[in-house]
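> Quick one: sequence and predicted model below, then my questions.
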Amino acid sequence: MKRIVFLPILFLAVGISYFVYKSLPTFIQNGGPLIILLFTLSILVFTFITERLWTLHKAEGKGNITGFIRQLKNTVHGGQLDQAVEACRKQGGCLGNVVGSGLEFYHLKKDAIQDHDELIEETRRAIEEANALETPLLERNLIALSTIASIATMVGLLGTTIGMIRCFHAMARAGAPDAIGLALGISEALINTAGGLFIAILSIVMYNYFTNRVDSFNYSLDETTYEVLTLLEHQAYKGA
């Protein structure tokens, strides 16, 4: 996510977290000001999850991707490059954009480049360049999710440590221990631990889910581009 977009979201998340914190029950507020930070992290996590779901949905394009790949290979095999390029444009996803760039290049240069091997190599290069532009969109904000998972764990641990310090301070008083201070310390420790673990678990699960989807998508993209290039290469030699 670009800094010009991230910073307003961060400040908004902090403001929302503060007002939510003030409206929470007292036993949760006893977790201390670190609760505001945990709420901020949770808002960022849900923001990144929503952005990733939307982006990956758009990356899949329109219609069933399996049917699109089947139709694409059939049209390329039949030499109907115009229809194949148009199908890629209509599909509108990352797969359609990458393969469509290669097919469009091949269609435009097949008369200008007489050497078949050179034509296929240049087409492969055009596909790789298009892929280099599309792939970062699929992987964007995944590092942010993994970073938040680590930060949330540390924040929860910090809150636990501060709560335990308060507990020992209450127990160390001369005479009877401070029961209220002891209860507040235990409450702060447990609430921060629970909040940090919840955010970390959610971030890790969604990070693995998105990584899995991106890897699957990249595998499908590599397989499709390889098959399309193979079909174009056979077609070039048939026409020779």
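Arrived safely, thanks for sending.
> worst-scoring helix or strand of this structure, pLDDT-wise?
helix 26-29 (a mean of 77; mean pLDDT, DSSP states H and E).
> List the contacts of that helix.
When contacts are defined by Cβ atoms under 8 Å, 6 or more residues apart in numbering, helix 26-29 is touched by residues 21, 22, 35, 187, 191. Glycine gets a C-beta too; all of them are placed from N, C-alpha and C.
> Next, the buried residues of that helix.
Within helix 26-29, the residues that qualify as buried are residue 29, counting by 16 or more other Cβ atoms under 10 Å.
> can you give me how far it is from the chain middle?
In this view, helix 26-29 has its centroid 33 Å away from the chain centroid, taken as Cα atoms, centre = their mean, to the nearest Å.
> hey, C-alpha coordinates of it in PDB?
Only the C-alpha atoms of helix 26-29 are listed here, as PDB (Å, rounded to 0.1, in the frame of the first residue of the first chain):
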ATOM      1  CA  THR A  26     -14.000  -1.200  32.400                       C
ATOM      2  CA  PHE A  27     -12.400  -4.700  32.700                       C
ATOM      3  CA  ILE A  28     -11.100  -4.300  29.100                       C
ATOM      4  CA  GLN A  29      -9.900  -0.800  29.700                       C
END
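> Tell me the first helix or strand C-terminal of that helix.
Next along the chain after helix 26-29, taking DSSP states H and E as the criterion, comes helix 34-59.
> so after that next one, what's the next helix or strand?
helix 65-77.
> After that following helix, heading C-terminal, what element do we hit next?
helix 81-91.
> tell me what that next one is packed against?
Counting contacts by 3 or more Cβ pairs under 8 Å, 6 or more residues apart in numbering; DSSP states H and E, helix 81-91 is packed against helix 65-77, helix 94-109.
> switch the cut-off to 10 Å
helix 65-77, helix 94-109, helix 179-238 (3 or more Cβ pairs under 10 Å, 6 or more residues apart in numbering; DSSP states H and E).
> who's in contact with the shortest one?
When you say that, I think you mean helix 65-77. Contact with helix 65-77 is made by 59-64, 80-88, 90-91, 93, 95-96, 99-100, 103, 106, 217, 220-221, 223-224, 227-232, 234-235, as judged by Cβ atoms under 10 Å, 6 or more residues apart in numbering.
> repeat that with 7 Å
83, 84, 87, 91, 95, 99, 224, 227, 228, 231, 232 (Cβ atoms under 7 Å, 6 or more residues apart in numbering).
> again, but for the second one
By Cβ under 7 Å, 6+ apart, the surrounding residues in contact with helix 94-109 are 59, 61, 65, 72, 81, 84-85, 88-89, 119, 122-123, 126-127, 130-131, 134, 138, 220-221, 224-225, 228, 232.
> for that helix, which positions count as buried?
For helix 94-109, by 16+ other Cβ under 10 Å, it's 94-106.
> Out of the contacts of helix 65-77, which is nearest to residue 43?
residue 95 (32.5 Å; Cβ to Cβ).
> Check the gap between that closest one and residue 26 for me.
53 Å (Cβ to Cβ, to the nearest Å).
> go on, residue 158?
22 Å.
> ok, now residue 208?
Taking Cβ to Cβ, one finds residue 208 at 36 Å from residue 26.
> ok, now residue 92?
52 Å.
> quick one: low-confidence parts of this structure?
Filtered on pLDDT under 70, the chain yields the residue ranges 1-4, 173-178, 235-240.
> repeat that with 80
Low-confidence segments of the chain (pLDDT under 80): 1-7, 26-31, 110-116, 166, 168-185, 187-188, 233-240.
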